[in-house]
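Participant: I would like to see how this sequence folds:
(one chain, ligands or ions: 1)
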Amino acid sequence: MKKCILLSVLLILLPVPLIMAQGPDVVIPVPAEVSVNKGTYRFRSQPEMCLVKVSENAMPSESYRLEIHRRKGITITFSDSAGRDYALQTLNQMSSDGTIHELQCCEIYDYPRFPYRGLHVDVSRHFRSVDFLKKQIDAMAMFKMNRMHIHLTDAAGWRMQIDAYPRLTQFAAWRPQHTWKEWWAGDRHYAEEGSKGAYGGYYTKEEIRDLVSYARARHIEIIPEIEMPSHSEEVLAAYPELGCSGEAYRDSDFCVGNAEVFRFLETVLDEVMEVFPSEYIHIGGDEAGKQHWKNCPKCQKRMQEEGLKDVDELQSYMIRRMARYVESKGRKVIGWDEILDGGLAEGAAVMSWRGTEGGIAAMNMGHDVVMSPGRYCYLDHTQDAPFKEPQSIGGYLPLDTVYVYEPVEPSMPADKVHHLKGVQANLWAEYVVTDGHAEYMYWPRAIAIAETAWSLPENKDIKDFRRRVMPMLEFMRSKGYQTFDLENEYGEREYVTTGLDHMAKGCKVIYSKPVQQWYPAAGEKTFTDGVIGGWTYSDNRWQGFLSDIDVTVDLGVVKHVSYVGGTFMQLKGPGVFMPHKVDIYVSEDGTDFTHIAQVPNDVSVDDEDLIFRSFETTCDVDARYIRYHAARSLMRGFLFLDEIVVN
Ligand code: ACM
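Facilitator: Okay, the predicted model is just below:
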């Protein structure tokens, strides 16, 4: 079917106004195939556009062909409405702002690499309005993202009207403190709806229907998440009989031995499926404590009756049972990768967040997988130098690291790769109080995920992406999005990208205390490999210890030494502290050591900021061996050191 119309008619239907630009080299995500032809297509007020719909088997779903011809104008060929509208999104990004009526002649054939291109919104920790969600949906559509995963339930508040259980929204959706941080530091109680100072909120079914249809018009499916069996403190405060103790404020996991729990969850999911028509229903499954199950008579009885050997299998029993229930309604479940523990429910899809191993294991078992590994996709981590950023959960995840993520790994068998359905950007909102802050954390990093999920890896290039994303951010800011200021990005710590040369580089280091197993960095090479640690201790450049650090650097031959120093970091939240003091000794023979310096700690253990401090000395000695002894903080916790610099 061929239909020629004026461009303006369609653009009015789209959420995205025209952007100032000329050709296909500005488009995000980068299209699959582009050929730029000679000349431009000029038009007076509106361009001439032909829409050609072909049969579904003639072109893949969501794909489009966009041709801009000097005389014939614009032709868009597509097989479904998503492909048609994605062509228009591409055109919008390439087109002028209405003052320059000129487009570069070109042909684009474009299609997504993955069918699932997701963005996650945590509305439990801080409630977000429907308008906020619609605004993010507009941005998602612009970058051809097609799944919004809404984390509707968690300890910090229940966020959806459930008619059968009104206390979820009359009580469990509200708390006395506005910020999650204050609430978490307090007694973590809830408040009656409408009580003085109660903070929170929830979506009515009418609002959800409106949101779902708004998203659907932009080819975005909304996937609701209802957490189970854990992250359920708010439910168990409202309905204490659903926990093992039967008391409010005691449990975080549902009691899996209690038949009433299954009635509750099935009823809730019925009401969820009534308003969310999504293919997948997310049932959480992460971070269950499972402790109370071990002593709960009902849980123990269930384990006995079902022949379950441990609490992992008890969790698996619950997930399988709920998966069967959801499937009986014609839907599928997806859950965090913990749903693998104790055996994965048939047909369940896995969202791999603790890394990619869980996802790969699930693919090998024939399950569909969405990758959202924390190392690349957790946008709650700080995106620039922490000293200039708002408080976050920690870590360091700049745009470039997000962008370089490659979801297909060499260890994935070729015949299983089709189970990798896509990629998702996650934003947990413990420290993200305002809407503006959430946008700041999403954009531009979520755009990088969009490109990873849509574009072919051979077309990706970080330098080119940065060139394309800068004007896009400017455009987004002009539309009221509070994006991160990429132009003024500070970047990594000094020497992280260049490395640091010094006299001890490559020298042997003798350890007298073991490294903590989670933070090995480069093993015994770490302190003399010239590799400097970045803004986070989890970047595998910092070596971690749960003891003193007591090491001796062997320079190989006696040399003149004028400087010895090492840098530590402090981050009180996760228990990373400065050493109490550092003692430095030198020796020519490795037996007789001379104490040349003691460096005391001057950083308060109460300081909550991320702090870096060198424990160093200048000297004027001849030595082959340098002993560097950092005494663990009186607070105990971790010590992290990246390099011992000797000059
Ligand atoms: C998660 O981050 N707990 C899924």
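
Participant: for stretch 498-517, the distance to its chain's centre please.
Facilitator: Relative to its chain's centre, stretch 498-517 lies at 32 Å (C-alpha atoms, centre = their mean, to the nearest Å).

Participant: What are the contacting residues of that stretch?
Facilitator: With C-beta atoms under 8 Å, 6 or more residues apart in numbering as the test, stretch 498-517 has contacts from 521, 523-532, 543-556, 559, 561, 626, 638, 643-647. C-beta: built from backbone N, CA, C; applies to glycine.

Participant: From those, keep the buried residues only.
Facilitator: Buried members of the contacts of stretch 498-517, scored by 16 or more other C-beta atoms under 10 Å, are 521, 524, 526-532, 543-555, 559, 561, 626, 638, 643-646.

Participant: Can you pull out the residues in contact with stretch 94-111?
Facilitator: 18-24, 26-27, 31-45, 47, 60, 62-70, 74, 86-87, 90.

Participant: Report the buried residues of that stretch.
Facilitator: Those would be Met94, Ser95, Ser96, Leu103, Gln104, Cys105, Cys106, Glu107, Ile108, Tyr109, Asp110, Tyr111, for stretch 94-111 by 16+ other C-beta under 10 Å.

Participant: what sits against the residue in the stretch 401-550 of the chain that the ligand sits nearest to?
Facilitator: Nearest residue of the stretch 401-550 of the chain to the ligand (C-beta to the nearest ligand atom) works out as Trp428 at 6.3 Å. Shown in contact with Trp428 (C-beta under 8 Å, 6+ apart): Asp122, Arg125, His151, Tyr378, Asp380, Ile393.

Participant: Just confirm Thr536 contacts Ile393, I think it does.
Facilitator: No - Thr536 is beyond contact range of Ile393, at 10.8 Å (criterion: C-beta atoms under 8 Å).

Participant: out of the two, which sits in the more crowded spot?
Facilitator: Thr536 (21 against 15; other C-beta atoms under 10 Å).

Participant: In contact with that one, which residues?
Facilitator: His381, Thr382, Gly394, Gly395, Tyr396.

Participant: quick one, what contacts the fourth one?
Facilitator: The one in question is Gly395. With C-beta under 8 Å, 6+ apart, Gly395 has these contacts: Tyr378, His381, Thr382, Thr536, Ser538.

Participant: Take those residues and keep only those in strands.
Facilitator: Nothing among these maps onto strands, per DSSP state E.

Participant: Out of those, which comes closest to Asp270?
Facilitator: Nearest to Asp270 among those: Tyr378, at 31.8 Å, using C-beta to C-beta.

Participant: Pull the contacting residues for the closest one.
Facilitator: Tyr378 makes contacts with Trp353, Ser372, Gly395, Leu397, Asn426, Leu427, Trp428, as judged by C-beta under 8 Å, 6+ apart.

Participant: Cys619 too?
Facilitator: Counting by C-beta under 8 Å, 6+ apart, Cys619 has contacts Val561, Ser562, Tyr563, Val564, Val586, Ile596, Ala597.

Participant: If we use 6 Å, what do you get?
Facilitator: By C-beta atoms under 6 Å, 6 or more residues apart in numbering, the residues touching Cys619 are Val561, Ile596.

Participant: And for the one 3 residues further on?
Facilitator: Residues counted as contacts of Asp622 (C-beta under 6 Å, 6+ apart) are Val558, His560.

Participant: Let's see that with 7 Å instead.
Facilitator: Val558, His560, Glu588 (C-beta atoms under 7 Å, 6 or more residues apart in numbering).

Participant: Distance check, the last one against the ligand.
Facilitator: Okay, so that is Glu588. From Glu588 across to the ligand, the span is 53 Å (C-beta to the nearest ligand atom, to the nearest Å).

Participant: Was I right to think that residue contacts Thr594?
Facilitator: No - when contacts are counted by C-beta atoms under 7 Å, Glu588 is not listed as touching Thr594 (9.3 Å).

Participant: Looking at these two, which has the bigger crowd around it?
Facilitator: For Glu588 versus Thr594, neighbours defined as other C-beta under 10 Å are more numerous around Glu588 (16 against 12).

Participant: With adjacent residues omitted, what lies nearest to the residue in the chain that the ligand sits nearest to?
Facilitator: For the chain, the residue closest to the ligand is Asp286, as judged by C-beta to the nearest ligand atom, at 4.0 Å. Sequence neighbours aside, Trp336 is the residue nearest to Asp286 in space, at 3.7 Å (criterion: C-beta to C-beta, 6 or more residues apart in numbering).

Participant: Can you pull the residues of this structure lying near the ligand?
Facilitator: Asp286, Glu287, Trp336, Trp353 (C-beta under 6 Å from any ligand atom).

Participant: Is the second one in a helix, a strand, or coil?
Facilitator: Three-state assignment for Glu287 (DSSP: H, G, I helix; E, B strand; the rest coil): coil.

Participant: Can you report how many residues lie near the closest residue in space to it that isn't next to it in sequence?
Facilitator: Spatial nearest neighbour of Glu287, excluding adjacent residues (C-beta to C-beta, 6+ apart): Ser230 at 5.7 Å. By the measure other C-beta under 10 Å, the count of residues near Ser230 is 21.

Participant: circling back to that earlier point, any idea how far Ser547 is from the residue of the stretch 401-550 of the chain closest to the ligand?
Facilitator: 32 Å (C-beta to C-beta, to the nearest Å).

Participant: again with His418
Facilitator: 47 Å.

Participant: and if you look at Arg493?
Facilitator: Counting by C-beta to C-beta - Arg493 and Ser547 are separated by 25 Å.

Participant: what's downstream of the least confident helix or strand in the chain by mean pLDDT, the next helix or strand?
Facilitator: Lowest mean confidence among the helices and strands of the chain (mean pLDDT, DSSP states H and E): helix 7-13, at a mean of 42. For helix 7-13, the following helix or strand on the C-terminal side (DSSP states H and E) is strand 33-42.

Participant: Can you list the buried residues in that following strand?
Facilitator: Going by neighbour count (16+ other C-beta under 10 Å), the buried part of strand 33-42 is Val34, Thr40, Tyr41.

Participant: I'd like the C-alpha coordinates of the strand or helix carrying Lys135 written as PDB, please.
Facilitator: Assigned by DSSP H and E, Lys135 belongs to helix 130-142. The C-alpha coordinates for helix 130-142 follow below in PDB (Å, rounded to 0.1, in the frame of the first residue of the first chain):
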ATOM      1  CA  VAL A 130       2.300   9.600  35.500                       C
ATOM      2  CA  ASP A 131       3.500  12.700  33.800                       C
ATOM      3  CA  PHE A 132       7.100  11.900  34.700                       C
ATOM      4  CA  LEU A 133       6.700   8.400  33.300                       C
ATOM      5  CA  LYS A 134       5.100   9.800  30.100                       C
ATOM      6  CA  LYS A 135       8.000  12.200  29.600                       C
ATOM      7  CA  GLN A 136      10.500   9.400  29.900                       C
ATOM      8  CA  ILE A 137       8.400   7.300  27.500                       C
ATOM      9  CA  ASP A 138       8.700  10.200  25.000                       C
ATOM     10  CA  ALA A 139      12.500  10.100  25.300                       C
ATOM     11  CA  MET A 140      12.500   6.300  25.100                       C
ATOM     12  CA  ALA A 141      10.500   6.400  21.800                       C
ATOM     13  CA  MET A 142      13.000   8.900  20.400                       C
END
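
Participant: Tell me which other helices or strands it touches.
Facilitator: strand 116-122, helix 205-216 (3 or more C-beta pairs under 7 Å, 6 or more residues apart in numbering; DSSP states H and E).

Participant: how about CSV for the ones you listed, with mean pLDDT and mean neighbour count added?
Facilitator: Putting these into CSV (pLDDT from 0 to 100; neighbours: other C-beta atoms under 10 Å) gives the following:
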stretch, mean pLDDT, mean neighbour count
strand 116-122, 99, 26
helix 205-216, 98, 16
